[in-house]
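Enquirer: Sequence and predicted structure are below.
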Amino acid sequence: MRGRLHPALPVEGATQAPTNKMLKIPKKNIEEMISHARQAYPTECCGLLAGNSGIASNTYRMTNIDQSPFSYLMEPKEQFVALKDMRKKGIEMIAIYHSHPKTDAEPSITDIKLAYYPDAYYIILSLAEPMRPDIRAHRIIDGKAEEVGITIV
C-alpha cells in the first residue's frame, strides 16, 4: 500500500490532542514502532497496529519496498499475511504507521492524499530529533487530518 497505513507524541507521556478522541497503545507497541523507525533510518518504516476495542495489541512491521526517506509502499505479501493473522486472532486493524526520518510527525500532502482507510488511525513517528522521537496520531477523512491524542497504557 502506498502511504496508506500511515500516521506523533512525545514518548515520555501522551499529550492531549485538541479533540476528545484518544488512541490507546501499550508501551511495548510504542517501543516496537520506535525501534522499527530507528532500524529503517534513513528510510521511512511502515507497519500496522491491530487489536480490539480501540486498544492496540499487535504490531506488524512491513517492508517499505520504496526504500525511500520520503515515501513508503508496504510489501503486499506481508500485508496479506498480517491481515490473515488478524482474522485468525479475532483482532482488527486499528492503525497504520510510518516514520518521517527528518521531518515532523504531521501528515504530508501525500499522506493525506493516500489515506484510504477512514476508520484507521494514521500514526507518524518523527526522528527529526533522534533521541526524542515524536509520535502523533491522526484521523484522515475526506482530505482532512485531525490530530487524535495517544494514551500509553
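Expert: Sure, I can see it.

Enquirer: What residues of the lowest-mean-pLDDT helix or strand in the chain count as buried?
Expert: Within the chain, no helix or strand scores below strand 22-25, which has a mean of 93 by mean pLDDT, DSSP states H and E. By 16 or more other C-beta atoms under 10 Å, the buried positions in strand 22-25 come out as 23-25. Just so you know, the C-beta spots here come from the backbone N, C-alpha and C atoms, and that holds for glycine as well.

Enquirer: so residue 117 touches residue 92, yeah?
Expert: No: using C-beta atoms under 8 Å, residue 117 is not in contact with residue 92; the gap is 11.3 Å.

Enquirer: what's the closest non-adjacent residue to the residue nearest the centre of the chain?
Expert: Nearest to the geometric centre of the chain sits residue 97, at 1.6 Å (C-alpha atoms, centre = their mean). The shortest distance from residue 97 to any non-neighbouring residue, by C-beta to C-beta, 6 or more residues apart in numbering, is to residue 123 (3.9 Å).

Enquirer: Which strand or helix spans that neighbour?
Expert: Secondary structure assigned from DSSP states H and E places residue 123 in strand 121-126.

Enquirer: what is the mean pLDDT for that strand?
Expert: Over the span of strand 121-126, the pLDDT mean works out to 98.

Enquirer: helices and strands around that strand, which ones?
Expert: helix 27-40, strand 92-100, strand 134-141, strand 144-152 (3 or more C-beta pairs under 8 Å, 6 or more residues apart in numbering; DSSP states H and E).

Enquirer: That'll do, ta.
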